[in-house]
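Trainee: Show me the folded form of this:
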Amino acid sequence: MALIRKKKPKKKQSSKPKPKPAALPPAKTFAPAKMERPQFEVPLFTPSKASVSTGKDFLKHWSEPKFNPEKEFLKTFKELTCRHRSWDVWSDFIVMSACALSNPVDKKHYDEREARYLRIIRKYNKEEQAKFPELFAHMVLALELNPEQDFLGKLYTSLNLQDEGREQYFTPHSVCELMADITMENVLKQVKDNGYITINDPCCGAGATLIAGVHAARKVLMKSGLNFQNHILVAAQDIDETVALMCYIQLSLLGVAAYIKVGNSLTDPMNTGDTLESYWFTPMYFSDVWAMRRVVHGVDALFCDGGSGVEKKPFRLLLKLEEDDCRRDIYSFYANVARKAGIPISNEPCFDCSKIRVTGNVKDTIFNFYQEKGVESTNELIVMWLSSGPKTDLEEDGYFAEIEDGFVMEGKTDGEI
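Mentor: Numbering: from 1, shown residues only. Predicted coordinates for the structure are as follows:
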C-alpha cells in the first residue's frame, strides 16, 4: 500500500511591490595632498658586463666600507711580521723610505744611502719585498687625505714600538695644534722682513709639533696669497734615527723645505761647521728658491767642509728658461733671471755679468730682440755683448742660464720673494 503525502499549499505572492531602500547621502570626497618625491644623491656607478643580470656589483658597491689607509697599512705590516720582528720591519721600512726620498735630489749622500737601501731589501724574499711599496702607498694616501696629522707617529705608538728606556712618548697631535695656534705669531711680519720663517724643534720625534706649526703658518700665508713652500723652513733634530727619519719622511711628503739632523741636541747641536753625514734634506730644500736663498742668506755654509781646510767651491744654480724670458733687453733679462732664482731685488739692481752663463739659444733670442726693435746695429750688439753680456758657453740644449754667488751685486732686498 503506497503512502501518499499531503502537499503543502503554496504561498500566494503579494501583488504589492517591495519598498525600495532609502538612498544614502553621497560620500564626501577629499583631494589627495600633493606628495613630493624624496631626493637622493646616487653616486655614479657602472656595473661590469658579467654581473649586469645579477646586480652583484651594485650590491657590493653599497655594502663596501670606505677605504681606510691606516687599516690597510696595518694589515700589510702584519703580513710582514710572520717571519720578522715588528721593530725590524718598521725600522727597515722607515730607512728605505727615507733613502728613496733623498736619493733623487741629495747626490752627496747617494752612494752611501743607495747601498744601505740594497742591504736592507735583500733581507726579504720577493713576496715580502713587494709589500714595502704597498706600505709606502698607504702612507702617501693617508697624508693626501689628511695632511694635518702625525700618521707615522700614531702608528708607531699604536704598535707599541716606542723606546721606553729613553722615555719616548709622543705628544698627541691635537695638543700640538693647540700649541701651534698659540705660538705662531707675526708670521707675515717675519716673512716680510726676512723672506721666510724658520720653525725649529731640537727634539722632533716623528714631527707632530712641526707639522702642526707648518699648517698653522700655512693658513696665515694662504690668506695673503703666499705659497707656504717658499716661505717656511723647518730645522729639526732627534737622537733616535728612526723617529728622526719618520719626521723627515712626513715633512718631505708634505712638500716642506727642511733639514733634519740625527744626533743629541744637548751634546751635539746643529752647527755651521757640521759635516753632513747625519743630515737629511727634504726634496723641497733643493728647489731653486731655497737653493738661491742659501746663497743670499749664508745658510749654504752647511755645505762646506767645516774645519777641513778645503776651499769651498762657488755655488752655481742652473735655471731653465722659456723663449719669452729671453726676448728682452740685457738688463731686463738679468733682472728676470734673478727673480726666477728667488733673489729679492730692488727697483734699480746692479748685476755682475761675469757671474752668469747662458746657452746659444738665449744669446740669439736677445740679439733678435734688439734687431727687431732696430735699436742696435750688428757691430754695436757685438760690442755691447762683449762688455756687458753673459758668457755663452753652456752646452745644454734649449734656453738655460747658470748664475754664481755674487750675480746680484747691489739692490738686493730682504723682502718677499
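
Trainee: only C-alpha atoms for contact and neighbour calcs from this point on.
Mentor: Noted.

Trainee: ok now do Ile199, which residues does it touch?
Mentor: 210, 213-214, 232-235 (CA atoms under 8 Å, 6 or more residues apart in numbering).

Trainee: Rebuild these as JSON lines, extending it with secondary structure and pLDDT.
Mentor: JSON lines is the format used below for these (DSSP: H, G, I helix; E, B strand; the rest coil; pLDDT from 0 to 100):
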{"residue": "Leu210", "secondary structure": "helix", "pLDDT": "93"}
{"residue": "Gly213", "secondary structure": "helix", "pLDDT": "93"}
{"residue": "Val214", "secondary structure": "helix", "pLDDT": "93"}
{"residue": "Ile232", "secondary structure": "strand", "pLDDT": "92"}
{"residue": "Leu233", "secondary structure": "strand", "pLDDT": "92"}
{"residue": "Val234", "secondary structure": "strand", "pLDDT": "93"}
{"residue": "Ala235", "secondary structure": "strand", "pLDDT": "92"}
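
Trainee: Save those residues as CSV, and put in distance to Cys350 too.
Mentor: Compiled in CSV, the contacts of Ile199 are given as follows (distance: CA to CA, whole Å):
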residue, distance to Cys350
Leu210, 39
Gly213, 38
Val214, 35
Ile232, 28
Leu233, 28
Val234, 32
Ala235, 33
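
Trainee: for stretch 357-374, which positions count as buried?
Mentor: For stretch 357-374, the neighbour count (16 or more other CA atoms under 10 Å) marks 357-363, 365-367, 369-370 as buried.

Trainee: mind checking pLDDT for Gly298?
Mentor: Listed pLDDT for Gly298 reads 53.

Trainee: Can you give me every residue that contacts the residue nearest in space to the middle of the chain?
Mentor: With distances taken as CA atoms, centre = their mean, Leu254 lies nearest the centre of the chain, 3.5 Å away. Counting by CA under 8 Å, 6+ apart, Leu254 makes contact with 143, 147.

Trainee: measure it to Leu386 for me?
Mentor: Applying CA to CA, to the nearest Å, the value for Leu254 to Leu386 is 46 Å.

Trainee: State the number of residues packed around Pro349.
Mentor: 17 (other CA atoms under 10 Å).

Trainee: Relative to the helix or strand it falls within, what are the paired strands and their orientations?
Mentor: Using DSSP states H and E, the element containing Pro349 is strand 345-351. Here strand 345-351 is paired, per DSSP bridges, with strand 408-412 (antiparallel).

Trainee: Skipping its backbone neighbours, what lies nearest Arg316 in space?
Mentor: Counting by CA to CA, 6 or more residues apart in numbering, Arg316 lies nearest to Glu404, which is 4.5 Å off, once chain neighbours are set aside.

Trainee: Tell me how many other residues surround the one you found.
Mentor: Count around Glu404 with other CA under 10 Å applied: 18.

Trainee: contacting residues around stretch 86-94?
Mentor: Counting by CA under 8 Å, 6+ apart, residues outside stretch 86-94 touching it are 77-78, 80-81, 120, 132, 161, 242, 245-246, 249.

Trainee: rerun at 10 Å
Mentor: With contacts defined as CA atoms under 10 Å, 6 or more residues apart in numbering, stretch 86-94 is touched by 77-78, 80-81, 83, 97-100, 117, 120-121, 123-124, 131-133, 135-136, 152, 156, 159-162, 241-246, 248-249.

Trainee: ChimeraX command to pick out the buried ones of those?
Mentor: Filtering the contacts of stretch 86-94 down to the buried ones (16+ other CA under 10 Å) takes a single ChimeraX command:
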select :77,80,97,98,99,100,117,121,131,132,135,136,152,156,162,241,242,243,244,245,246,248,249
